[in-house]
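Colleague: Here is my input, please return the structure:
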Amino acid sequence: MEKGNYTVVTEFFLVGLSDYPGLQMLLYVLCLLMYLVILLGNSIIIIISILDPHLHTPMYFFLGNLSFLDICYTSSSIPQMLVNFTSKRKSITFIGCALQLVISLGLGSTECLLLAVMAFDRYVAICNPLRYTIIMNKGLCVQMATWPWILGFLNSLIQSVLALRMPLCENIIDHLTCEILAVFKLICVDISLNVFIMIIASIILLITPLLLIFFSYVFILSTILRINSTEGRKKAFSTCSAHLTVVILFYGSALFMYMKPKSKDTKLFDELFGLSYWVITPMLNPIIYSLRNKEVKEGVKKVLIRNWYLREM
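Modeller: All right, here's what the predicted structure looks like:
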């Protein structure tokens, strides 16, 4: 059903939070600081997982993938957002918006699948420890890390191309970034096909991985509770507690942001919560793994000591 006259769009205007200029300056400072923390924290995880031989295991291989993903995810939107916070003309080109849409949606989809892959890794490590190195061999790990990226970006390309090829009524996006749901609001024609594809994609890439994670941890907790030694139970749970925390943080934030009923009265809260979801979750991931994992702490110490020793020579 048509909404109005079609518009040839060459650029978009991102007007999210534009009614709060004072708040935007505060958010500029906070987002810049958190973005720097994201780059530093996740880069450290990647570096130590490469340089420390003790961390050349499937768990840290997937963790390095997650850290790289978080760097890319925030870099796809935060720099543009920072520019818009300090600019009077809060615009982005059509190509820039398309790239932002494809990358952010693709990386978000990839993270859903990657977290499920990491849950399977923890399941094998806890429930089948004697066969862990055989099952989680290098070839399987590479495939399990590659497919989430392929499927995530395939989904993103399909949804983004379908959305951006539709006739648009206007070029004003009432959001901080080129987000798929915000773009849907600009389309002048019926979007039933877009919504149907999004529902199917959500079932495959969001609900299914979440169910796999849930059942993995049912088996993991069942196995841990059968361990006779208290120290053994504590050690087993510590190997997957960081991942479980990240899963709860990621899915809890995502479900709350997209499933909560929208209203004009909560528009400011929705935008602020969405901003925190894009920035805070990637920032906390390396902190959670660092605080809850002794091997990560030891890896950081080894890398720092090694670099200090080389400089002194």
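
Colleague: Phi, psi for the nearest residue to Leu168 once chain neighbours are set aside please.
Modeller: Among residues not flanking Leu168 along the chain, Leu186 sits closest, at 4.7 Å (CB to CB, 6 or more residues apart in numbering). Where you see a C-beta, it was placed from the backbone N, CA and C, and this is true even at glycine. In this entry, Leu186 is assigned phi and psi values of phi -90, psi -10 (degrees, to the nearest 10).

Colleague: Check the one 5 residues further on too.
Modeller: Recorded main-chain torsions at Ile191 are phi -110, psi 30, according to degrees, to the nearest 10.

Colleague: can you pull the contacts of the closest residue to Phe120 other than its chain neighbours?
Modeller: Closest residue to Phe120 apart from its sequence neighbours, by CB to CB, 6+ apart: Ser216 at 6.1 Å. By CB atoms under 8 Å, 6 or more residues apart in numbering, the contact list for Ser216 reads Ala116, Ala119, Phe120, Arg122, Tyr123.

Colleague: again with Cys112
Modeller: Pro148, Gly152, Leu205, Leu206, Pro209, Leu210 are the contacts of Cys112 under CB under 8 Å, 6+ apart.

Colleague: Return a ChimeraX selection command for the buried portion of these.
Modeller: To isolate the buried members of these in ChimeraX, using 16 or more other CB atoms under 10 Å:
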select :148,152,205,206,209,210
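
Colleague: on that earlier part again, and the contacts of Ser216, which of them are in helices?
Modeller: Among those, the members falling in helices (DSSP state H) are Ala116, Ala119, Phe120, Arg122, Tyr123.

Colleague: per-residue pLDDT, the second one?
Modeller: Same thing as Ala119. Ala119 carries a pLDDT score of 92 in this model.

Colleague: Can you report how many residues neighbour it?
Modeller: With neighbours defined by other CB atoms under 10 Å, the count for Ala119 comes to 23.

Colleague: so where do the helices sit in this protein?
Modeller: For the chain, helices defined by DSSP H occupy the ranges 21-51, 58-75, 78-85, 94-127, 132-135, 138-164, 180-184, 192-202, 208-225, 230-259, 267-292, 294-312.

Colleague: Quick one: these as a markdown table, columns for distance to Phe12 too.
Modeller: Shown next, in a markdown table, are the helices of the chain (distance: least, CB to CB, whole Å):
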| stretch | distance to Phe12 |
| --- | --- |
| helix 21-51 | 18 |
| helix 58-75 | 19 |
| helix 78-85 | 11 |
| helix 94-127 | 5 |
| helix 132-135 | 47 |
| helix 138-164 | 10 |
| helix 180-184 | 9 |
| helix 192-202 | 18 |
| helix 208-225 | 31 |
| helix 230-259 | 21 |
| helix 267-292 | 16 |
| helix 294-312 | 40 |
